[in-house]
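[1] Compute the structure for the input listed below.
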Amino acid sequence: MTAQLDAVPFTVARRGYDRGEVDDRLAALTTELTALAAARDAAVAESRTLTRHLEASRSETRTLREAAAEARADIDALRAQVAELSTIPSTVDGMSARLQQMVRIAQDEVNDMRARATTSSAQVLTLAQAEADELREQSEAERTAFEEQRRVAEESLRAQLEESRARLDQLRNDSEGQKARLDAELAEHRLRVEAEFRTEMDGRRAAVLEELAALEVRQRAEVDRIADAAARDARQRIGDATSDAQRIRAEARQDVDAAHRELESLRSLQHQVAEQLTSVRALLDWTLPQMPGVQGVSQAPGGPSLPAPRAEQQADDDPQPAPRPSPEARPTPEARPTPDTRPAAAEDADDPAGTAAEDAGRPVTASPQPRPSTPNGRAGGRR
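    Down below sits the predicted model:
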């Protein structure tokens with residue numbers, strides 16, 4: 001019973017009965033039930049003790065009855081012996097005096113023993129009957145008292161059990177009612193807690209969403225900032241590369257212009273050399289016919305003529321063309337020379353062999369030999 005009471009679950013709640021009072025009430029009921037159980041156990045033990053006493057009294061009564069039966073058997077045996085002795089002839093006719101005397105003595109003793117046996121057996125029977133009656137009366141009284149005590153104990157125990165059952169039923173009903181009330185309060189509290197939890201979770205979710213939105217805005221701003229920085233860096237690099245390309249193009253254009261200027265100067269120098277050669281030929285044409293001993297040579301067919309300048313030397317005199325610039329450094333159309341700007345004397349200088357052939361048909365006069373020309377087409381000693 002105590003274990004069952006201890007096993008009853010009570011949900012801890014804010015409302016309802018006081019836990020201390022409920023525990024005290026349960027402890028008092030448990031103590032009372034324990035006392036009732038102890039009283040019941042004591043009554044059962046006392047009933048068992050009285051039962052053992054009754055069994056002992058009954059055993060003693062049976063023993064006395066057996067002793068009385070044995071006494072009756074002895075009395076019956078003595079009576080049989082007395083009857084047997086009584087059948088002895090009581091006359092002493094024809095017996096001797098001594099034998100007669102012995103028979104008389106024996107008969108007297110037998111009569112005496114019969115009287116004593118009768119008296120003793122009557123006393124034993126009386127005592128045995130009295131003891132048996134006393135034991136029977138005592139046993140009946142003890143049995144009656146035991147039955148009464150057992151009945152009283154059973155009625156008391158039954159009443160206590162009924163009261164305990166009623167109290168347990170009342171306590172069970174109260175517990176069930178309290179449990180139902182606590183269940184309702186717990187369900188209400190659960191609903192309230194769930195509503196508060198949902199409200200709090202909604203608030204937290206909204207805060208988290210706002211934080212995520214702010215974080216997304218910050219990340220987008222950071223991405224835009226990084227993209228702008230990258231774009232500025234790219235534009236800076238492109239500007240630097242463009243500046244470098246323009247600088248390299250300008251330098252290349254300057255180099256090309258310098259090369260063109262040098263080429264023009266070389267062409268001008270070539271034109272000057274060609275003019276000098278023309279003047280030298282004219283001078284030779286004028287002086288050679290006037291020199292004595294040279295007329296026949298100048299007019300002889302197949303005679304020796306002035307050596308024509310070699311094409312290789314003329315090619316050496318021409319400057320090498322400048323390397324072709326790259327598309328980035330290609331000069332503009334304004335910087336390129338036109339074919340019409342080439343001097344006419346340069347065309348004559350490009351064909352010195354033809355000029356020498358024409359000069360070969362002219363009369364040759366004796367004149368001093370001209371100085372050999374340098375590789376640049378100028379006269380020797382003149383730079």
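
[2] and the residue nearest to A153 when sequence neighbours are not counted, what is it in contact with?
    For A153, the nearest residue in space outside its immediate sequence neighbours is A43; the separation is 3.6 Å by CB to CB, 6 or more residues apart in numbering. Any C-beta I mention is one placed from the backbone N, CA and C, and that applies to glycine too. Applying CB atoms under 8 Å, 6 or more residues apart in numbering, we find A43 in contact with Q149, R150, A153, E154, S156, L157.

[3] Selecting buried members of these in PyMOL, what would you type?
    The following PyMOL selection, which keeps only the buried ones among the contacts of A43, applies the criterion 16 or more other CB atoms under 10 Å:
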select buried, resi 150+153+157
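
[4] Tell me the one of the contacts of A43 nearest D244?
    Ranking the contacts of A43 by separation from D244, with CB to CB as the measure, puts L157 on top at 118.6 Å.

[5] Give me the contact list for stretch 47-55.
    S139, E142, R143, A145, F146, Q149, R150, A153.

[6] Go again with 6 Å.
    Contacts made with stretch 47-55 from outside it, assessed by CB atoms under 6 Å, 6 or more residues apart in numbering, are listed as R143, F146, R150.

[7] ok so, going back, out of the contacts of A43, name the ones that lie in helices.
    Counting by DSSP state H, the members of the contacts of A43 that fall within helices are Q149, R150, A153, E154, S156, L157.

[8] just curious, which of those is nearest to R62?
    R150 (23.2 Å).

[9] can you tell me which helix or strand the closest residue to that closest one other than its chain neighbours belongs to?
    Taking CB to CB, 6+ apart, and ignoring the residues beside it in sequence, R150 has S47 as its nearest neighbour in space, at 5.1 Å. Of the helices and strands defined by DSSP states H and E, S47 is found in helix 19-86.

[10] same deal with E134?
    Using DSSP H and E, E134 falls within helix 97-287.

[11] Who are the packing partners of that helix?
    helix 19-86, helix 344-350 (3 or more CB pairs under 6 Å, 6 or more residues apart in numbering; DSSP states H and E).

[12] Tabulate the ones you listed (CSV), appending mean pLDDT.
    Putting the helices and strands packed on helix 97-287 into CSV (pLDDT from 0 to 100) gives the following:
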stretch, mean pLDDT
helix 19-86, 78
helix 344-350, 41
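
[13] Deepest in the core, which of those is it.
    Of all those, helix 344-350 has the most neighbours on average by mean count of other CB atoms under 10 Å, namely a mean of 15.

[14] ok so, going back, closest one of the contacts of stretch 47-55 to L186?
    Nearest to L186, judged by CB to CB, of the contacts of stretch 47-55 is R150 at 49.9 Å.

[15] how about low-confidence regions in the chain?
    By pLDDT under 70, the low-scoring segments of the chain are 1-17, 81-96, 98, 292-383.

[16] How is it divided into domains?
    Listed by automatic domain parsing, the domain ranges of the chain are 2-201, 260-360.

[17] Could you count how many residues lie near R104?
    Number of residues near R104 (other CB atoms under 10 Å) recorded here: 12.

[18] Against R116, how distant is it?
    In this structure, R104 lies at 19 Å from R116, with CB to CB, to the nearest Å as the measure.

[19] Equivalent analysis for V44, please.
    In this structure, V44 lies at 53 Å from R116, with CB to CB as the measure.

[20] Likewise for L182?
    Counting by CB to CB, the separation of L182 from R116 is 93 Å.

[21] Neighbour count: those two, which is higher?
    Shown here are L182 and R116; by other CB under 10 Å, L182 has more neighbours (19 against 11).

[22] any idea how far R220 is from that one?
    When distance is defined by CB to CB, L182 is 54 Å away from R220.

[23] Also A180?
    From A180 across to R220, the span is 58 Å (CB to CB).

[24] Repeat that for V22.
    As defined by CB to CB, V22 lies at a distance of 63 Å from R220.

[25] Ok, M102 next?
    M102 is 158 Å from R220, where distance means CB to CB.

[26] With neighbour numbers in mind, choose between these two.
    Set side by side, M102 and R220 show unequal neighbour counts under other CB under 10 Å, the larger going to M102 at 13 against 10.

[27] That one: what's it in contact with?
    Shown here is M102, which makes no contacts under the criterion CB under 6 Å, 6+ apart.

[28] A207 - how many residues pack around it?
    For A207, the count of nearby residues is 10 (other CB under 10 Å).

[29] how much space between it and T63?
    100 Å.

[30] Equivalent analysis for L263, please.
    170 Å.

[31] can you check V44 too?
    Between V44 and T63 the computed distance is 28 Å (CB to CB).

[32] what does A45 give?
    As for A45, its distance to T63 is 27 Å (criterion: CB to CB).

[33] Give me the three-state assignment for M291.
    M291 carries the three-state label coil when classified by DSSP: H, G, I helix; E, B strand; the rest coil.

[34] Extract the C-alpha set from stretch 192-207 and format it as CSV.
    Once non-C-alpha atoms are left out, stretch 192-207 reads as follows in CSV (Å, rounded to 0.1, in the frame of the first residue of the first chain):
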residue,chain,number,x,y,z
ARG,A,192,0.6,30.0,-23.1
VAL,A,193,4.3,29.0,-23.2
GLU,A,194,3.9,27.8,-26.8
ALA,A,195,2.3,31.2,-27.7
GLU,A,196,5.1,33.0,-25.9
PHE,A,197,7.7,30.8,-27.6
ARG,A,198,6.1,31.4,-31.0
THR,A,199,6.0,35.2,-30.3
GLU,A,200,9.6,35.1,-29.2
MET,A,201,10.7,33.0,-32.1
ASP,A,202,8.8,35.3,-34.5
GLY,A,203,10.6,38.3,-32.9
ARG,A,204,14.0,36.5,-33.1
ARG,A,205,13.2,35.4,-36.7
ALA,A,206,12.4,39.0,-37.6
ALA,A,207,15.5,40.3,-35.9
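
[35] Cool, thanks, signing off.
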